[in-house]
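1. generate a structure from the sequence data that follows.
(one chain, ligands or ions: 2)
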Amino acid sequence: MSFQSVGLAAGSASNLAAALARTTHLYERVKTVIPPIEWPVFATDIDAILRLKRERNAILLAHNYQTPEIFHCVADIVGDSLVLAREAIRTDAAVIVLCGVHFMAETAKLLNPEKMVLIPDLEAGCSLAASITAADVRLLRESYPGVPVVAYVNTSAEVKAESDICCTSGNAGAVVESLGAPRVIMLPDEYLARNVAAETHVEIIAWRGHCEVHERFTVADIRALRAEHPGIRVLAHPECPPEVVAEADYVGSTQRMSDYVARLRPASVVLLTECSMSDNVSIQHPEVAFVRPCNLCPHMKRITLAKIRTTLETMRHEVTVDPAVASRARRAVERMLAVKPQ
Ligand code: 13P
Ligand code: SF4
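-> Ligands and ions are numbered 1, 2, ... in the order given. Sure thing, here's the model as predicted:
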């Protein structure tokens with residue numbers, strides 16, 4: 001491997017050379033998805049982030065949709081929303097930097113009220129979280145008195161505070177069944193709710209929110225893929241429309257998709273989800289052919305190495321939750337974490 005630092009002043013060139021030398025082993029991890037020409041752009045930020053993490057006693061939690069240079073080179077813990085929530089409780093670090101979207105950082109803060117939780121970009125939102133307010137939940141409760149409310153973690157802390165229990169894509173069915181109720185309200189993802197409804201006898205009342213990334217996959221996409229790649233395994237996220245899920249070979253959270261590939265090692269696979277998933281999982285399984293019609297999440301893509309570095313340098317973009325809201329929202333998250341997986 002050889003990298004060039006053309007046109008840099010002498011000091012910058014030697015800093016870059018040192019950063020490149022210290023990160024060579026990390027480039028080895030991601031070389032199948034990051035061309036050598038791009039690595040010098042990342043190397044100095046990665047080198048600085050690794051140093052700053054030690055200096056600040058900070059831990060980096062990264063969602064499966066983060067880009068490979070974040071996921072494989074600077075993150076301490078990676079996973080789906082459920083893994084990140086569980087791991088947030090276990091850390092001894094003083095500072096948590098959440099490389100994901102705002103509701104994930106809020107969940108980490110709810111579970112760690114005494115720790116500083118930072119997000120590299122406060123604007124990293126989510127179309128599902130934006131689709132419903134606390135007032136909407138109160139109105140739903142008035143319309144369906146006594147019916148328990150299950151809030152997907154892709155919601156604000158205010159919405160969680162109005163709910164009985166949270167769920168993620170990794171435990172939604174188990175959470176719904178744990179309530180022992182004949183009817184539940186599931187919000188805000190209509191498709192997740194309908195996909196869970198297909199697998200339970202519990203009657204589900206759904207809100208009409210959608211994920212702007214997963215709602216775009218279609219049955220026609222899957223049929224075209226199967227025609228072009230005979231034998232391909234099609235894995236779908238449960239935020240996809242129910243007809244897409246019905247046409248897929250497997251449905252699961254991002255972590256479950258990753259586990260499926262690790263366990264069964266199909267010859268070829270497509271992950272109907274955000275684009276970075278395939279990059280990240282393909283690095284771990286070079287023997288599996290990944291076909292990649294994917295959709296980008298613009299919110300997840302707001303998180304970059306440069307912003308992570310700035311966050312650690314300045315300790316800015318702290319995520320806080322109003323204490324009046326936090327105790328009720330925390331109860332909904334903790335109740336979810338107590339549910340045994342199916
Ligand atoms: P997971 O919990 O499955 O990672 O999903 C989070 C998310 O935002 C998917 O779009
Ligand atoms: Fe929200 Fe969809 Fe992006 Fe996940 S992929 S953060 S659900 S907009």
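2. for this structure, give me the ranges with low pLDDT.
-> 1-10 (pLDDT under 70).
3. what is the helix ranked longest in it packed up against?
-> Ranked by number of residues, the top helix in the chain under DSSP state H is helix 10-30. The contact analysis (3 or more CB pairs under 8 Å, 6 or more residues apart in numbering; DSSP states H and E) places helix 10-30 against helix 39-56. Where C-beta positions appear, they are placed from N, C-alpha and C, glycine not excepted.
4. packing partners for the helix it packs on?
-> By 3+ CB pairs under 8 Å, 6+ apart, helix 39-56 packs against helix 10-30, strand 58-63, helix 305-314.
5. centre of the chain to that helix, how far?
-> In terms of CA atoms, centre = their mean, to the nearest Å, the centre of helix 39-56 is set 22 Å apart from its chain centre.
6. which residues outside that helix are in contact with it?
-> 3-5, 15-16, 18-20, 22-23, 26-27, 34, 58-60, 69, 73-74, 76, 94-95, 305-306, 308-309, 312-313, 315 (CB atoms under 8 Å, 6 or more residues apart in numbering).
7. out of those, who's near ligand 1?
-> Among the contacts of helix 39-56, not one lies near ligand 1 by CB under 6 Å from any ligand atom.
8. show me which of those are buried.
-> Buried members of those, scored by 16 or more other CB atoms under 10 Å, are 15-16, 19-20, 23, 26-27, 34, 58-60, 69, 73-74, 95, 305, 308-309, 312.
9. all strands of the stretch 201-342 of the chain, in order?
-> Taking DSSP state E, counting those that start in this stretch, the strands of the stretch 201-342 of the chain run over residues 203-206, 233-236, 250-251, 268-272, 289-291.
10. which of the ones you listed sits most buried?
-> When those are scored by mean count of other CB atoms under 10 Å, the highest mean neighbour count falls to strand 268-272 (a mean of 24).
11. partner strands of that one, with direction?
-> The strands beside strand 268-272 in its sheet (DSSP bridges) come out as strand 233-236 (parallel), strand 289-291 (parallel).
12. enumerate the residues of the stretch 201-342 of the chain near ligand 1.
-> Cys211, His237, Glu239, Ser253, Thr254.
13. try 5 Å this time
-> Ser253, Thr254 (CB under 5 Å from any ligand atom).
14. and if you look at the stretch 1-150 of the chain?
-> So the stretch 1-150 of the chain meets ligand 1 at Asp80, Ser81 (CB under 5 Å from any ligand atom).
15. got the residues of the stretch 1-150 of the chain near ligand 2?
-> So the stretch 1-150 of the chain meets ligand 2 at Val101, Cys126, Ser127, Leu128 (CB under 5 Å from any ligand atom).
16. closest one of those residues to ligand 2?
-> Distance to ligand 2 across those (CB to the nearest ligand atom) is lowest for Cys126, with 3.2 Å.
17. re the thing from before, columns secondary structure, neighbour count and distance to Leu337 on top of the residues of the stretch 1-150 of the chain next to ligand 2, output as a markdown table?
-> Putting these into a markdown table (DSSP: H, G, I helix; E, B strand; the rest coil; neighbours: other CB atoms under 10 Å; distance: CB to CB, whole Å) gives the following:
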| residue | secondary structure | neighbour count | distance to Leu337 |
| --- | --- | --- | --- |
| Val101 | coil | 25 | 20 |
| Cys126 | coil | 25 | 20 |
| Ser127 | coil | 20 | 25 |
| Leu128 | coil | 27 | 20 |
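18. before I go, just wanted to say thanks for your time.
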